[in-house]
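In: missing the sequence, but the structure's below:
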Ligand code: 6GU
């Protein structure tokens, strides 16, 4: 997968991309992530990228010219159309696991992280193919959401996670939360690991985990369960 990210704060996003799973995925050549400073395409000697909103109101709006120039330049370097040009915005479709799964099948993505009061609407109308939000709350920019989206996609790419089953057994991946996890020691501050997990009985462990997942989902996120699992409310 090839991901380009346009941002006004390139240094804000670099460190998370250089650690842990995202770092390893890039080192293994499973994903290429390129961070681009919007100012590279800024206007004039001050490399202007934003301006006051027409009609007044607070905040600054990212001007269309740098974004149009940036997208055109990256598109040209890529040599083929992007599968999606995604603008991160609280107005967008809320990211969930099915959307992450679908986007993880893309070969080339361009992400635009807005800032200030957002970007000129003409960029959204003419260039953006999809708008994504990471939840119903407001953040100060699209950088953290872009990182969230990248992490959610990259961990799904074949070969990124060590254990091939790991991504499939995640909470949400099949609509249920994950089972509780335990490691050593078997007894800690009077709390013990459930016997079944140390029994060596793989069948029993599997059914225990399934039970735990259903029980936990019922208790914490009943909205995730299909109708036949819902408690009767008569
Ligand atoms: Cl994508 N951007 C901003 N600024 N705030 C958000 C968001 C995105 N998703 C949730 N809140």
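Out: Received the coordinates, thanks. It should be emphasised that the depicted structure is a prediction, and the values quoted were computed from it without experimental measurement.
In: give me the residue ranges of this structure where confidence is low.
Out: Scanning the chain with the threshold set as pLDDT under 70 gives 116, 164-165, 229-234.
In: regarding it, what is its longest strand?
Out: Counting by DSSP state E, the longest strand found in the chain is strand 84-94.
In: quick one: strands adjacent to that strand?
Out: Taking DSSP bridges as the criterion, strand 84-94 sits next to strand 108-113 (parallel), strand 130-133 (parallel) in its sheet.
In: would you format the ones you listed as a markdown table with distance to residue 41 and mean neighbour count included?
Out: Quick note: C-beta positions are derived from backbone N, CA and C, even for glycine. Rendered in a markdown table, the data for those read as follows (distance: least, CB to CB, whole Å; neighbours: other CB atoms under 10 Å):
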| stretch | distance to residue 41 | mean neighbour count |
| --- | --- | --- |
| strand 108-113 | 12 | 25 |
| strand 130-133 | 21 | 18 |
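In: is it possible to get TSV of those strands that adds distance to residue 18?
Out: Rendered in TSV, the data for the strands paired with strand 84-94 read as follows (distance: least, CB to CB, whole Å):
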stretch	distance to residue 18
strand 108-113	17
strand 130-133	23
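In: of those strands, which is nearest the ligand?
Out: Ranking the strands paired with strand 84-94 by proximity to the ligand (CB to the nearest ligand atom) places strand 130-133 first, at 3.9 Å.
In: which residues does the closest one contact?
Out: Contact with strand 130-133 is made by 84-95, 99, 124, 145, 149, as judged by CB atoms under 8 Å, 6 or more residues apart in numbering.
In: okay but residue 129 is in contact with residue 85, surely?
Out: Yes: the pair formed by residue 129 and residue 85 meets the contact definition of CB atoms under 8 Å, at 4.9 Å.
In: between the two, which one's more packed in?
Out: residue 85 (22 against 13; other CB atoms under 10 Å).
In: relative to residue 190, how far out is the more buried one?
Out: In this structure, residue 85 lies at 55 Å from residue 190, with CB to CB, to the nearest Å as the measure.
In: let's have the strands paired with strand 84-94 in TSV, adding distance to the ligand.
Out: Putting the strands paired with strand 84-94 into TSV (distance: least, CB to the nearest ligand atom, whole Å) gives the following:
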stretch	distance to the ligand
strand 108-113	8
strand 130-133	4
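In: quick one: which of those is nearest residue 162?
Out: strand 108-113 (24.2 Å; CB to CB).
In: chain neighbours aside, what residue packs nearest to residue 50?
Out: Leaving out its chain neighbours, the residue that sits closest to residue 50 by CB to CB, 6 or more residues apart in numbering is residue 60, at 4.0 Å.
In: the one you found contacts residue 117, doesn't it?
Out: Yes: using CB under 8 Å, residue 60 makes contact with residue 117 at a distance of 6.0 Å.
In: joint contacts of those two?
Out: Residues touching both residue 60 and residue 117 comprise residue 53, with contact defined as CB under 8 Å, 6+ apart.
In: on that earlier part again, quick one: contacts of the longest strand of the chain?
Out: Judged by CB under 8 Å, 6+ apart, the contacts made with strand 84-94 from elsewhere in the structure are 71, 99, 103, 106, 109-114, 118-119, 123-124, 127-139, 142, 145-146, 149.
In: how about 7 Å then?
Out: Identification of contacts with strand 84-94 by CB atoms under 7 Å, 6 or more residues apart in numbering yields 71, 99, 103, 106, 109-114, 118-119, 124, 127-133, 135, 138, 142, 145-146, 149.
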